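[1] Predicted model and sequence below, questions to follow.
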Amino acid sequence: MQRRHFLALSAATLATPAILRSGQGDLKLSVGGYRLDRTAALFDGKIAIEGASAEFQAQGIGDLNTLAFSGEGPHGLTEIGLHPFMLAHANDAAQDYALLPVFLLRQFRHKSIFVRTDAGITSPADLKGRRIGSPGYSSSSLTWIRGIMEDEYGVKPTDVDWVTAKKDSSADAAGKVSAQETMVPEGISMSEGPEGMDESEMLLAGEVDALFHAATPAAFIEGDPRISRLFTDVRAVEQDYYKRTGIFPIMHVLAIRRDLAAQEPWLARAAFDAYVKSKQAAYQLKDRLTWATDMMPWYSAELDATRALMGRNFYSYGLEGNRKTLETFFGYSYRQGLASRELTLDELFLPGSLEFEDA
């Protein structure tokens with residue numbers, strides 16, 4: 001199993017602006033993440049973290065991961081990839097940050113499997129013995145896809161040949177792939193793709209038969225007939241999966257520097273409450289205006305259908321309703337030979353934060 005050593009926090013890191021106070025008495029706080037519909041009110045200053053003067057910085061997830069695990073840690077609060085965080089914690093003792101139960105990015109991943117239409121792949125079972133391309137191996141998305149393929153369809157990671165692209169078509173949005181996303185466990189057949197080709201180009205060129213990737217290939221978006229999704233009615237498949245399992249896969253989580261949380265014990269709860277309020281503002285916008293500002297003609301009907309299936313707070317924070325999703329993912333990582341042990345909620349999340357409730 002590949003491992004990487006990560007530096008501990010340096011004395012210089014402990015003196016970053018993340019733990020200095022402004023002249024007004026508020027904590028001066030650097031926050032890294034994406035500006036999403038559920039975080040927009042925070043980025044725009046409409047909702048504040050009480051007691052803090054926060055500067056929100058938009059950065060790609062790969063870059064945020066690397067900053068958090070390299071010992072630099074400039075952000076007091078940061079969006080972070082769930083699986084890279086798990087691997088850094090379990091395998092490399094990189095424990096400068098702890099998670100808060102704010103699940104910033106969630107996606108069902110059946111939609112993220114693409115195939116060549118001439119490859120004769122019409123069901124998950126047809127993936128066995130094939131070459132599958134990806135921009136990495138151990139990202140949150142890829143780990144979820146492999147776990148679902150094995151649990152739901154009996155396709156194990158060892159049943160296929162993996163090909164890692166030397167370029168990532170989503171690099172502009174996601175940032176440079178972090179070290180934890182390129183880990184390959186023992187017993188996996190892995191090779192590198194041709195020089196200069198991203199994963200989408202490998203699929204078009206026939207270098208691979210299928211593609212597992214969180215980002216939608218450009219050729220698929222453009223309607224290239226050589227590429228299709230494995231599941232043609234992906235909405236029905238993903239909704240059935242949720243009905244049967246109650247799992248809404250988690251990709252990104254909010255993390256807090258442990259030294260900062262110890263120095264300012266009020267901050268974790270204040271941050272959680274602010275992120276909940278920001279998400280509630282997004283819900284309200286969806287009801288009051290997004291039906292008009294979004295170009296989708298049946299947007300309101302889709303929102304109503306989502307709530308009917310998943311409840312009004314379908315993007316829930318806190319532990320309630322999310323324990324099974326998290327523990328399932330912990331099991332996937334360990335069984336796939338990635339995390340050195342099966343992790344627990346208590347060791348990853350800041351002590352006391354699992355009691356926070358999403359009102």
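    Everything's here; your move.
[2] Ramachandran angles for D304?
    phi -60, psi -40 (degrees, to the nearest 10).
[3] And R335, by the same measure?
    phi -70, psi -30.
[4] Against D240, how distant is it?
    23 Å (CB to CB, to the nearest Å). Any C-beta I mention is one placed from the backbone N, CA and C, and that applies to glycine too.
[5] Tell me, how many residues neighbour A262?
    Look at A262: counted by other CB atoms under 10 Å, it has 10 neighbours.
[6] how would you label it: helix, strand or coil?
    helix (DSSP: H, G, I helix; E, B strand; the rest coil).
[7] Contact partners for it?
    By CB atoms under 8 Å, 6 or more residues apart in numbering, the contact set of A262 is empty.
[8] change it to 10 Å
    Shown in contact with A262 (CB atoms under 10 Å, 6 or more residues apart in numbering): L350.
[9] Nearest residue to the middle of this protein?
    In the chain, the residue lying closest to the centroid (CA atoms, centre = their mean) is M251, at 2.1 Å.
[10] thought that one was touching G81?
    Yes. Contact status for M251 versus G81: in contact at 6.9 Å, counting by CB atoms under 10 Å.
[11] what's the overlap in contacts for those two?
    61, 105, 139-141.
[12] Could you give me the ChimeraX selection string for whichever of those are buried?
    Here is the ChimeraX command that selects the buried residues among the shared contacts of M251 and G81 (16 or more other CB atoms under 10 Å):
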select :61,105,139,140,141
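[13] Farthest-apart pair in the shared contacts of M251 and G81, please.
    Maximum pairwise distance among those (CB to CB): 11.9 Å, between L105 and S139.
[14] intersection of neighbour lists for the two?
    With CB under 10 Å, 6+ apart as the test, L105 and S139 both reach 61, 81-82, 214, 251.
[15] rewinding a little: so what does the host helix or strand of the residue nearest to the centre of the chain touch, helix or strand wise?
    According to DSSP states H and E, M251 maps onto strand 250-257. Other helices and strands packing on strand 250-257, by 3 or more CB pairs under 10 Å, 6 or more residues apart in numbering; DSSP states H and E, are strand 27-33, helix 61-69, strand 77-81, helix 82-92, strand 97-106, helix 140-153, helix 267-285, helix 323-335.
[16] between that strand and strand 27-33, how big is the angle?
    160 degrees (axes from the mean of the first three to the mean of the last three CA atoms, to 10 degrees).
[17] partners of strand 250-257 in the sheet?
    strand 77-81 (antiparallel), strand 97-106 (antiparallel) (DSSP bridges).
[18] then that strand to PDB, C-alphas only?
    Provided in PDB are the C-alpha atoms of strand 250-257 (Å, rounded to 0.1, in the frame of the first residue of the first chain):
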ATOM      1  CA  ILE A 250     -21.100  12.500   1.100                       C
ATOM      2  CA  MET A 251     -18.100  14.000  -0.800                       C
ATOM      3  CA  HIS A 252     -17.000  17.100   1.000                       C
ATOM      4  CA  VAL A 253     -17.100  18.100   4.700                       C
ATOM      5  CA  LEU A 254     -16.300  21.100   6.800                       C
ATOM      6  CA  ALA A 255     -13.100  20.800   8.900                       C
ATOM      7  CA  ILE A 256     -11.700  23.000  11.700                       C
ATOM      8  CA  ARG A 257      -8.100  23.300  12.900                       C
END
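[19] What mean pLDDT does that strand get?
    Mean per-residue pLDDT for strand 250-257: 98.
[20] check contacts around R106.
    Contacts of R106 by CB under 10 Å, 6+ apart are 82, 247-252, 314-316, 322, 325.
[21] one more time with 8 Å
    With the criterion set at CB under 8 Å, 6+ apart, R106 makes contact with 248-251, 315.
[22] beta partners for it?
    I250.
[23] Give me the pLDDT for it.
    98.
[24] pLDDT averaged over stretch 260-277 - what is it?
    pLDDT averaged over stretch 260-277 gives 98.
[25] related to what we said a few turns ago, output the strands paired with strand 250-257 in TSV; the columns should cover distance to R307.
    Output for the strands paired with strand 250-257, formatted as TSV (distance: least, CB to CB, whole Å):
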stretch	distance to R307
strand 77-81	25
strand 97-106	15
